[in-house]
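In: Turn this into a structure:
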Amino acid sequence: IDENGHVLGGPFYYIENGMGKQWRWLAKIFAFFGAGVGLFGIGTFTQVNAITSIVNVSFGVSEYVVAAILTVLVAVVIIGGLQSIANVASKIVPFMAAVYVIVTVSVLVFYADALPAAIKLVIDGAFNGTAAAGGFAGAGIMLAMRSGIARGIYSNESGLGSAPIVAAAAKT
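Out: Got it, this is the predicted structure:
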């Protein structure tokens, strides 16, 4: 706890204070890779790139304009501190879930006449020689794993090490 009563923690504190001062170098490496490489190089940049590209292709808005708007919005939220981040997330996440369900149901309703043929196509394609050969080839499995892991990291920062940093700041 610092002089202002704020709780300090996270993996870098655990490494330095739990493992001993001789491991301070490892704590610094974790902080560098967690913030410099993990959050900025892998998680955040790819998400912003996807957003700017999609808005550019869909609506013709310059990627630079979208990036500037995102930067201002994120700055406003982050400058507000952990409570601001929690407030925004508590509003955005339910909205995202609702939009996902509404869009999914809308697509299913809009294309309801094609649904039986699509299900038949999936079942027919899944149980034939071509599907078996492709499955045994391994290329599909490798690509699916790579894509799944990449989507997991890029969509929610799983495994990047940021969750214990945020959890350590909680006042419980």
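
In: From the geometric centre of this protein, which residue sits farthest away?
Out: Using Cα atoms, centre = their mean, the residue of the chain lying farthest from its centre is Gly129. It sits 36.5 Å away.

In: Report the contact partners of that residue.
Out: The contact partners of Gly129, by Cβ atoms under 8 Å, 6 or more residues apart in numbering, come to none. Bear in mind the C-beta positions are built from the backbone N, C-alpha and C, glycine included.

In: One more: Leu115?
Out: Here Leu115 is in contact with Leu108 (Cβ under 8 Å, 6+ apart).

In: Tell me which helix or strand it sits in.
Out: Per DSSP states H and E: Leu115 is located in helix 115-126.

In: picking up where we left off before, distance of the residue farthest from the centre of the chain relative to Leu143?
Out: Applying Cβ to Cβ, to the nearest Å, the value for Gly129 to Leu143 is 20 Å.

In: go on, Leu121?
Out: From Leu121 to Leu143 the distance is 21 Å (Cβ to Cβ).

In: And Glu16, by the same measure?
Out: Glu16 is 41 Å from Leu143, by Cβ to Cβ.

In: Extract the residue ranges of the chain that are flagged as low pLDDT.
Out: Applying pLDDT under 70 to the chain flags the ranges 7, 35-43, 140, 150-161, 169-172.

In: Comparing Glu16 and Leu143, which shows the higher neighbour count?
Out: Legend: neighbour count by other Cβ atoms under 10 Å for Glu16 and Leu143, higher for Glu16 (18 against 10).
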